[in-house]
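Participant: Generate coordinates for the sequence data below:
(2 chains)
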Number of protein chains: 2
Amino acid sequence: MRTVTVALGSRSYPILIGPGALSKLGTECAAAGLGKRCAVITDTQVGPLYAPAALKALRQAGFDPVLITVPAGEKSKCLKVVSECYDLMAAHRLERKSFVAALGGGVVGDLAGFAAATYLRGIAFVQAPTTLLAQVDSSVGGKVGVNLKSGKNLVGAFHQPRLVLCDLKTLATLPEREFRAGLAEVIKYGVIFDAAFFRSLETNSNQLLRRAPKALTEVVARCCEIKAEVVSQDETETGLRAILNFGHTIGHAIEAIFHYGAYLHGEAISIGQVAAALISNRLSNLPLEDVERIQLLFKRCGLPTHIALRTAQWERLQTAMKLDKKVSGGSVNFVLSERIGAASWGHPVPMDLVHSVLRQLGSRPSGQDVNDTRRHKP
Amino acid sequence: MRTVTVALGSRSYPILIGPGALSKLGTECAAAGLGKRCAVITDTQVGPLYAPAALKALRQAGFDPVLITVPAGEKSKCLKVVSECYDLMAAHRLERKSFVAALGGGVVGDLAGFAAATYLRGIAFVQAPTTLLAQVDSSVGGKVGVNLKSGKNLVGAFHQPRLVLCDLKTLATLPEREFRAGLAEVIKYGVIFDAAFFRSLETNSNQLLRRAPKALTEVVARCCEIKAEVVSQDETETGLRAILNFGHTIGHAIEAIFHYGAYLHGEAISIGQVAAALISNRLSNLPLEDVERIQLLFKRCGLPTHIALRTAQWERLQTAMKLDKKVSGGSVNFVLSERIGAASWGHPVPMDLVHSVLRQLGSRPSGQDVNDTRRHKP
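Facilitator: Sure thing, here's the model as predicted:
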């Protein structure tokens, strides 16, 4: 079992990474001094697979959990579902010392975390992420929230978990498409922070795609280390933390205009990162060779790197980007990379350049894109 | 204009108290360095009276406000109405540097504050309270939130305002019943913190009930000082701040079982405080003479001090108390007073004693209760 610490003073917490971590849920919550009553929030996909083990671990350690199961999928990340969670939490009489454990992917973690952040003005929260994306990204750092019709994550809070348990065994049951989507965040850490890690991904992408345990452990632990480092330096994103949004301005907008249905988050930010790399080439001297390596690694991992937008879709994309939280004073700010392993934030990018880059991504080279099924049908 | 400061380090803020304070909304927001785009959230009762002045003050100082009007009444303090506010805030493209100004009573302040606390993971927030209750209590201290069906304020956050403007002129239009309800919180400060202030209320209750400007200024300023002092010492209610809940455990439960309709908050906590005083007499040696002075002052201010509960209502009241946020380890904790001017928190009170005291409040002395209209019709 590997442990990575997120250093945030009195709110520091450990991330435990390894096969079988979930079986430690009860003992670790007890060690953290959490109250007896709790809620395990999961979804219809993950619940049947892992909720029995989670509940058993909690009960054996003397906890009194209620299981709350929400429909699987991004559509659950909304106020209506949070509201249903609150009602079930109140019915189970959760108190100030109670806690919420999120068992699932990013949607469950964000939703359960927001419920914990706001129930009784904030109760404790534990993350047990079961997808690659949640283990390397969304479960760490305390960003929680839900979507509005007008945009993703527009409502939320900063609420750090007390504990994160990344059980690598849960990745074995992850559908191929979701596993690959998680790799989009993995690659991001290489692009923005660690050139050696990027190179190791280029070298080991096959083992990773086969989900070889050793490769997985190394990758999840390194991603958590990078995220912990960035979050420790800038918890509420007043500066550095913004680099974690590389590829997300366009990515979030793609998700929004296709109503969070056609693209998984990882797929949308895969396109977003390739676009951000092309913009970086024009505005911050990212070498074309680096752009090509980035694009190639996404492709090798089976992630989409092209998107064909009709005019009306481009218009909607523009509107969605302007609604993004990263807007300040009306201009859309991007995270750009200067070279693989380094990124900086707060670059205003003219809409014309975004448009031109996306047009470039619309003309797909024949026979190279592994990702036909991901394209939105016109 | 009087200024009281809430001292919370980098999150300190001023409370400006005086007739006409609302006209300073724009200049004060500019002085606080807030962003241009903002939302003024008000209700159907207060909006027609004061929104034009608030919007004018903001526009003259260069701000771009959108007006959001919610239905007047406690029923608006719910997730559905917050959700509508979010949508309008997104449509007006509020950004991270934008802010929300609450213009109204406690319901509007709590609702608008929760919207500000959670929109884009938290944007700035300004309070312009227009009721006595909001000016002396709910607008100061950062507690924001909404009700669930199963209980009051079960969902919320701590989100300090950047500025509070108490315009005493707005109290002139307050309906008599609401004004008197606000006095219940005023009296509370005397009971829990300041014996001299309690005595001055006994002496000056007539001037106060006539809403004499000088009496109002003194009272609002002293209440804000006490609240600021308590909140500065214990922002998130890990200890001392709990004394502000004197009378609220029973009060909140009364509101809940009558579905937030029959009793105003101030009326419910008036009964709750009399009950807490009787319990204090039994458990913490509050002299009977003090209990009587407390009861008499509430009566003199036209507030209810009796309640007749049927058995089924008592059962529901018990359930509601157990759902209260102040429950810990299953036992209901009360704030009790040892003498007028002093209170302490965390006293477990047996349900039998609560029941016995409420039965005592159910046998109403004939011809003494000014408050027939407040009783719930069976």
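Participant: List the buried residues for stretch A:253-265?
Facilitator: A:253, A:254, A:255, A:256, A:257, A:258, A:260, A:263, A:264, A:265 (16 or more other C-beta atoms under 10 Å in any protein chain shown). The C-beta positions use only the backbone N, C-alpha and C, and glycine is treated the same way.
Participant: Now, those that are in helices?
Facilitator: Members of the buried residues of stretch A:253-265 lying in helices (criterion: DSSP state H): A:253, A:254, A:255, A:256, A:257, A:265.
Participant: Report the lowest-confidence entry in those residues.
Facilitator: The lowest pLDDT within those belongs to residue A:256, with 84.
Participant: interface residues of the stretch 51-200 of chain A facing chain B?
Facilitator: Contact residues (C-beta under 8 Å from any C-beta of the partner chain) of the stretch 51-200 of chain A with chain B: A:79, A:82-83, A:86-87, A:90-91, A:93, A:95-97, A:117-122, A:143, A:145, A:148-151, A:154-158.
Participant: Buried ones among the residues you listed?
Facilitator: Buried, going by 16+ other C-beta under 10 Å: A:79, A:82-83, A:86, A:90, A:93, A:95-97, A:117-122, A:143, A:145, A:148, A:150-151, A:154-158, out of those.
Participant: Let's see which of those residues end up in helices.
Facilitator: Using DSSP H, these in helices are A:79, A:82, A:83, A:86, A:90, A:117, A:118.
Participant: what ranges of the stretch 101-250 of chain A fall below the confidence cut-off?
Facilitator: By pLDDT under 70, the stretch 101-250 of chain A contains no weakly predicted segment.
Participant: one more time with 90, if that's ok
Facilitator: A:149-153, A:236-238 (pLDDT under 90).
Participant: Would you list the phi and psi of the nearest residue to residue A:42 once chain neighbours are set aside?
Facilitator: Distances taken as C-beta to C-beta, 6 or more residues apart in numbering or on different chains put residue A:103 closest to residue A:42, at 4.2 Å, once the chain neighbours are dropped. Here is the backbone geometry of residue A:103 (degrees, to the nearest 10): phi -120, psi 100.
Participant: What spatial separation is found between residue A:103 and chain B?
Facilitator: 22 Å (C-beta to the nearest C-beta, to the nearest Å).
Participant: okay, now the closest residue to residue A:240 other than its chain neighbours: neighbour count?
Facilitator: Nearest residue to residue A:240, sequence neighbours excluded (C-beta to C-beta, 6+ apart): residue A:234, at 4.3 Å. Per other C-beta atoms under 10 Å in any protein chain shown, the neighbour tally for residue A:234 reads 14.
Participant: Would you check that residue A:234 makes contact with residue A:244?
Facilitator: No - using C-beta atoms under 8 Å, residue A:234 makes no contact with residue A:244, being 9.7 Å away.
Participant: Quick one: classify the residue of chain A most remote from its centre as helix, strand or coil.
Facilitator: Distance from the C-alpha centroid of chain A peaks at residue A:62, with 31.6 Å (C-alpha atoms, centre = their mean). What DSSP: H, G, I helix; E, B strand; the rest coil gives for residue A:62 is coil.
Participant: Is it correct that it is in contact with residue A:37?
Facilitator: No - Residue A:62 is beyond contact range of residue A:37, at 11.1 Å (criterion: C-beta under 8 Å).
Participant: In contact with residue A:15: list those residues for me.
Facilitator: Contacts for residue A:15 (C-beta atoms under 8 Å, 6 or more residues apart in numbering or on different chains) come out as A:3, A:4, A:5, A:6, A:139, A:140, A:164, A:165, A:166, A:224, A:228.
Participant: I meant residue A:8, not that one.
Facilitator: Taking C-beta under 8 Å, 6+ apart, one finds A:160, A:231, A:232, A:235 in contact with residue A:8.
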